[in-house]
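no sequence for this one, just the structure:
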């Protein structure tokens, strides 16, 4: 597999994960499957003693989901534009740059420890979710134009 195909597959996979997490965050998966909510509660109950036993274990799950996942998607999409300089991939990479800047600003604000309401994680995730929708739509359009036609 060449680097262009690898970065395209990675960006689509990360975009799909971002969209599933977004659906879980806004409660769409709770309506589809009540088992998802029960599973999340069961996992949180199992991990609570472990989290309490480890003092200041580093970044929280929320930070990893809200900042880390969209950042990984933006990096993969930017790498896709570098590995495969077609107009569509370069445009996707150009849209990924603001997502990276928002993520960097969020990390900088958390590192400095600015007091107050920190909405950077939500803004980063929102930017990543928009990028994820664009990446998935691009993948669907690409698949639709490269799939063999019947008849």
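Alright, I've got the coordinates. Everything quoted here is computed from the prediction, not taken from an experiment.

Kindly tell me how buried residue 45 is, as a neighbour count.
Number of residues near residue 45 (other C-beta atoms under 10 Å) recorded here: 9. Every C-beta, even on glycine, is put in place using the N, C-alpha and C of the backbone.

492 is where my numbering starts, stick with that
Shifting the count to begin at 492 puts that one at residue 536.

To which secondary structure element is it assigned?
Using DSSP states H and E, residue 536 falls within helix 525-544.

I'd like the mean pLDDT over that helix, please.
Confidence for helix 525-544, expressed as mean pLDDT, is 63.

Stretch 633-641 now?
Mean predicted lDDT for stretch 633-641 stands at 67.

Tell me the secondary structure at residue 576.
In terms of secondary structure, residue 576 is coil; the call rests on DSSP: H, G, I helix; E, B strand; the rest coil.

Report the separation between it and residue 536.
From residue 576 over to residue 536 the distance is 49 Å, taken as C-beta to C-beta, to the nearest Å.

and the closest residue to residue 633 other than its chain neighbours, helix, strand or coil?
Sequence neighbours aside, residue 579 is the residue nearest to residue 633 in space, at 7.6 Å (criterion: C-beta to C-beta, 6 or more residues apart in numbering). Secondary structure, three-state DSSP: residue 579 is helix.

and residue 579, how far is that from residue 626?
Note on residue 579: its distance to residue 626, by C-beta to C-beta, is 11 Å.

Neighbour count for those two, which is higher?
When residue 579 and residue 626 are compared for neighbours, residue 626 comes out ahead with 27 against 13, by other C-beta under 10 Å.

element containing that one?
In the assignment (DSSP H and E), residue 626 maps to helix 611-637.

any weak-confidence spans in the chain?
Within the chain, the stretches falling below the threshold (pLDDT under 70) are 518-535, 537-552, 605-609, 637-642.
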